[in-house]
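Peer 1: model this:
(2 chains)
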Protein chains: 2
Amino acid sequence: MRFEVTVLGSNAAIPTAERFTSAQILNVQEQLFLIDCGEGTQLRMGEYQIRRHKIQQIFISHLHGDHIFGLMGLLTSYSLNGRKKALEIYAPEGLSQMIEIQLKHTQSYLTYPLHFHTVDPTQSDIIFENGILTVQSIPLRHRIPAAGFLFREKPLKRNIIAEKIETYQIPYTEINGIKAGADFVTSAGTIIPNAELTTPPPKPRSFAYCSDTIYHEAIIPLIEGVDCLYHETTFTHDELPRAIKTMHTTAHQAAQLAAKAKVGRLIMGHYSSRYVDLSKLLVEARAVFPESYLGLDGKRFEVAFK
Amino acid sequence: MRFEVTVLGSNAAIPTAERFTSAQILNVQEQLFLIDCGEGTQLRMGEYQIRRHKIQQIFISHLHGDHIFGLMGLLTSYSLNGRKKALEIYAPEGLSQMIEIQLKHTQSYLTYPLHFHTVDPTQSDIIFENGILTVQSIPLRHRIPAAGFLFREKPLKRNIIAEKIETYQIPYTEINGIKAGADFVTSAGTIIPNAELTTPPPKPRSFAYCSDTIYHEAIIPLIEGVDCLYHETTFTHDELPRAIKTMHTTAHQAAQLAAKAKVGRLIMGHYSSRYVDLSKLLVEARAVFPESYLGLDGKRFEVAFK
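Peer 2: Numbers count the residues shown, from 1 in each chain, chains lettered A, B, ... in the order given. Okay, here's the model as predicted:
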């Protein structure tokens, strides 16, 4: 039961060979979600063996180029590969127009249905839900409308105790019901209570993606206690005036937010190109929040059951 | 006096780590011209140490994504680097609209003037000219309007014979005039004819870029005798029906065109992703035109004086 974040691009603004611009893949129980799509995202997918055809939802935080310039390439490549499955894009207003005018002028015909869903970055809504998770928007504060995304696994099924299946000769067809909480009635009519057959399910896992944004404590109630927080750390704290001016966050601030929100782990990223060596950012974050980790292109972060 | 083509992307349709989509740099006497701009072009520029700030003209053959999806990233990166120099883009109609709507929605402010020049792909015109070269459009035949580009160096200056400078005590201020064909008058009033002071200039060099297009003999008079021809070779000749259907050219056909047009050298490229190993394409082209070479990402082709 995988719950794993793969970083496809970790740089801000301008891509370099080592650090492409923002894009991440969240794998929840083998369903793949793409978050942001900087230039070269489809290249990184090839490199990191992401099964891109499994993606059915793309979440775009905001319309700055370093978060979207890989979209057209990905969308048209899907067509060249004959994709049939619909694709849903969740993004602030304006993206659909940008995509549509490009499809028109490039005379690209998509082989699959493409649906746009407008995210309102001024409020927190459940913007997507399926059998395994919900996605809730997080209002961020940036130079243009921007939203983060909170992915929450739905309650998981109880674990059936293997030896009980044999003890009570439980048929295969009953397993799912018992995992969902049902008792079992033996062929002799005895009721075996569910509590005897199962152990409680693991706690559902969660991941929040917050980029781009100025340090913004108003999001704390939304991200409180998440297992894994990705938060932009564009600058070191000595560049705080620049961070404020450009509406970005320092490593120190992101760590502070992670500590205040009592998250499990902080993934850092969206680094300014001025940092070739990122160790200063890491040291700064860990001084405040020890469970801070550098997000780097190709790095995978697994969220284990607690 | 450099005249050199660098391939930044050699694949058709979908980029791979080894072969990005179409983009080339032509360096003529240290002036850099970008031709097409597939996704990741700015990444390749970094990798191959192209001095991107020297580019003042971009030539776009047609509006298919694999020739333009790197443009927005490049244009906005120039701004992030504080570019001031104007940039000129030569392209078929529609590109300016695509760019402008993206600049609008990404709220990108360019720090430099950006000028669009519409190329009419139905006729051959001189679309650009400066002190060292002319660029002429080449009408191609593809699924959407497409133009190739013929770069021709202007006549070069005569070579002054070094020892004559000493013999006749020619002052520095006279050198340029003599290189341009002037005679020299000594302080005693003797006229030294230019023919005694100089040797003829080398023959101007030329490069033609033809992609994407079906095999189209009508372009032969335009590209006749060029030193270097880049012509797309999307397929091997056993895929001729597919080449005709998709309006591309086979390696065999491109070589045939190179032979008929008596060009100096053929650079191949725009390979279908089906060819991991390109040797079959090369063997096929060389059987018809021995001076055929595989264009590959990072490969440089120098055009020497004859």
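
Peer 1: contacts (any at all) between chain B and stretch A:262-279?
Peer 2: No - applying Cβ under 8 Å from any Cβ of the partner chain, one finds stretch A:262-279 separated from chain B by no less than 8.6 Å. All C-beta spots, glycine's among them, are computed from the backbone N, C-alpha and C.

Peer 1: start and end of that stretch, how far apart?
Peer 2: From its first residue to its last, stretch A:262-279 covers 23 Å (Cα to Cα, to the nearest Å).

Peer 1: do stretch A:22-31 as well
Peer 2: 20 Å.

Peer 1: and A:G148, what element?
Peer 2: Assigned by DSSP states H and E, A:G148 falls within strand A:147-153.

Peer 1: can you tell me which helices and strands that strand packs against?
Peer 2: Applying 3 or more Cβ pairs under 8 Å, 6 or more residues apart in numbering or on different chains; DSSP states H and E, one finds that strand A:147-153 contacts strand A:23-28, strand A:133-139, strand A:206-210, helix A:220-223.

Peer 1: and of those, who's closest to chain B?
Peer 2: Nearest to chain B, of all the helices and strands packed on strand A:147-153, is strand A:23-28, at 12.9 Å by Cβ to the nearest Cβ.

Peer 1: identify the residues contacting the closest one?
Peer 2: Residues from elsewhere that reach strand A:23-28 (Cβ atoms under 8 Å, 6 or more residues apart in numbering or on different chains): A:2-9, A:32-38, A:41, A:44-45, A:50, A:55, A:67, A:70, A:132-133, A:151, A:153, A:205, A:207, A:209, A:230, A:295.

Peer 1: filter those residues down to the buried ones, ChimeraX style.
Peer 2: In ChimeraX, a selection of the buried entries from the contacts of strand A:23-28 looks like this (16 or more other Cβ atoms under 10 Å in any protein chain shown):
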select /A:3,4,5,6,7,8,9,32,33,34,35,36,37,38,41,44,45,50,55,67,70,132,133,151,153,205,207,209,230,295
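
Peer 1: and the contacts of strand A:23-28, which of them are in helices?
Peer 2: Secondary structure defined by DSSP state H assigns A:T41, A:R44, A:M45 of the contacts of strand A:23-28 to helices.

Peer 1: make CSV from these and add pLDDT and distance to B:S137 to it.
Peer 2: Converted to CSV, these look like this (pLDDT from 0 to 100; distance: Cβ to Cβ, whole Å):
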residue, pLDDT, distance to B:S137
A:T41, 98, 33
A:R44, 98, 36
A:M45, 98, 36
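
Peer 1: can I get the residues you listed in a markdown table with distance to B:D277?
Peer 2: Output for the ones in helices among the contacts of strand A:23-28, formatted as a markdown table (distance: Cβ to Cβ, whole Å):
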| residue | distance to B:D277 |
| --- | --- |
| A:T41 | 27 |
| A:R44 | 24 |
| A:M45 | 23 |
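
Peer 1: got these as a markdown table, with distance to chain B columns?
Peer 2: Output for those, formatted as a markdown table (distance: Cβ to the nearest Cβ, whole Å):
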| residue | distance to chain B |
| --- | --- |
| A:T41 | 9 |
| A:R44 | 9 |
| A:M45 | 11 |
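
Peer 1: nearest to chain B: which residue in the stretch 151-300 of chain A?
Peer 2: For the stretch 151-300 of chain A, Cβ to the nearest Cβ, closest residue to chain B: A:S273, 8.6 Å.

Peer 1: show me what contacts that residue?
Peer 2: When contacts are counted by Cβ under 8 Å, 6+ apart, A:S273 touches A:N11, A:A12, A:A13, A:I14, A:T16.

Peer 1: what does chain A put close to chain B?
Peer 2: Contact residues, chain A versus chain B (Cβ under 8 Å from any Cβ): A:13-17, A:20, A:39-40, A:42-43, A:46-47, A:63-65, A:68-70, A:72-73, A:76-77, A:80-81, A:94-95, A:97-98, A:101-102, A:105-108, A:143-144.

Peer 1: ok, of those residues, which come out buried?
Peer 2: Buried among the residues of chain A next to chain B (16+ other Cβ under 10 Å): A:13-15, A:20, A:39-40, A:42-43, A:46, A:63-65, A:68-70, A:72-73, A:76-77, A:94-95, A:98, A:101-102, A:105-106, A:108, A:144.

Peer 1: tell me where chain A is predicted with low confidence.
Peer 2: Applying pLDDT under 70 to chain A flags no residue at all.

Peer 1: how about the helices in the stretch 201-306 of chain A?
Peer 2: Taking DSSP state H, counting those that start in this stretch as the criterion, the stretch 201-306 of chain A contains helices spanning A:220-223, A:240-246, A:251-260, A:279-288.

Peer 1: adding distance to B:R242, write these out as CSV.
Peer 2: Formatted as CSV, these follow (distance: least, Cβ to Cβ, whole Å):
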stretch, distance to B:R242
helix A:220-223, 52
helix A:240-246, 49
helix A:251-260, 52
helix A:279-288, 50
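
Peer 1: out of these, deepest packed?
Peer 2: Ranked by average neighbour count under the criterion mean count of other Cβ atoms under 10 Å in any protein chain shown, these are headed by helix A:251-260 at a mean of 23.

Peer 1: so which residues make contact with that helix?
Peer 2: The contact list for helix A:251-260, computed with Cβ under 8 Å, 6+ apart, reads A:215, A:217, A:219-220, A:223, A:229, A:231-233, A:235-237, A:240, A:243, A:249, A:266, A:268, A:281-282, A:284-289, A:291-292.

Peer 1: angle of it against strand A:206-210?
Peer 2: 150 degrees (axes from the mean of the first three to the mean of the last three Cα atoms, to 10 degrees).

Peer 1: hey, C-alpha coordinates of helix A:251-260 in PDB?
Peer 2: Provided in PDB are the C-alpha atoms of helix A:251-260 (Å, rounded to 0.1, in the frame of the first residue of the first chain):
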ATOM      1  CA  ALA A 251      14.300  27.400   4.800                       C
ATOM      2  CA  HIS A 252      14.100  28.700   8.400                       C
ATOM      3  CA  GLN A 253      10.500  29.800   8.000                       C
ATOM      4  CA  ALA A 254       9.400  26.600   6.300                       C
ATOM      5  CA  ALA A 255      10.900  24.600   9.200                       C
ATOM      6  CA  GLN A 256       9.200  26.900  11.700                       C
ATOM      7  CA  LEU A 257       5.900  26.200  10.000                       C
ATOM      8  CA  ALA A 258       6.500  22.500  10.000                       C
ATOM      9  CA  ALA A 259       7.300  22.600  13.700                       C
ATOM     10  CA  LYS A 260       4.200  24.700  14.500                       C
END
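
Peer 1: centre of the chain to it, how far?
Peer 2: Remark: helix A:251-260 is offset 19 Å from the chain centroid, using Cα atoms, centre = their mean, to the nearest Å.

Peer 1: same deal with stretch A:16-28?
Peer 2: 11 Å.

Peer 1: what's the answer for stretch A:7-18, then?
Peer 2: Distance, stretch centre to chain centre, for stretch A:7-18: 17 Å (Cα atoms, centre = their mean).
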